[in-house]
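[1] Show me the folded form of this:
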Amino acid sequence: MPVKLEAHLAYLLSAAERAMHRDLTEHLGANGLNVEQWRILSALAENPGQPMGDLAAAVLMPHPTVTKAVDRLVDAALVYRRHDPADRRKVVVYLSERGAELQDRGAAAARGQQRAVQRALGAGRAERLMQDLADLVRMMES
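    Reported below is the predicted structural model:
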């Protein structure tokens, strides 16, 4: 007898990610951002001056996709590129003042989504879920 898709952890994780992504897209869209752009701005707010490879890893996106997204963010004056002061052969990316303002608004939307999940599940259960997911990621990546 075949097992239903809903019985597979990978399926449930994908379904949850899609639902969260869809909801966050709606809230970020009011600020003129999509989820990928917000991730990039957030990663740069957390760790300014990242090389493209590090940024791609931080935002869970392929390097070429991040490069194209950063190109669009540069065009919108939300980020800028500079040569790495430690190694002039490398280029690093920084958040502009305008990008920081937009990232702040996007972060508020993300915090609102997280609060909604906490209300729905209860704060303790939501925290356990986040810890369990972080543990799962570490386990799968080791």
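[2] Contact partners for Leu44?
    For Leu44, the contact set (CB atoms under 8 Å, 6 or more residues apart in numbering) comprises 50, 55, 79, 93-95, 99, 103. All C-beta atoms are positioned from the backbone trio N, CA, C, and that covers glycine.
[3] Show me which of these are buried.
    By neighbour count, with 16 or more other CB atoms under 10 Å, the contacts of Leu44 hold 50, 55, 79, 93, 95, 99, 103 as buried.
[4] In CSV: these, plus secondary structure.
    Formatted as CSV, the buried ones among the contacts of Leu44 follow (DSSP: H, G, I helix; E, B strand; the rest coil):
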residue, secondary structure
Gln50, strand
Leu55, helix
Val79, strand
Val93, strand
Leu95, strand
Gly99, helix
Gln103, helix
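[5] can you tell me how far the most centrally placed residue in the chain sits from Pro85?
    Centroid-nearest residue in the chain, with CA atoms, centre = their mean: Arg39, separated by 3.2 Å. Counting by CB to CB, to the nearest Å, the separation of Arg39 from Pro85 is 25 Å.
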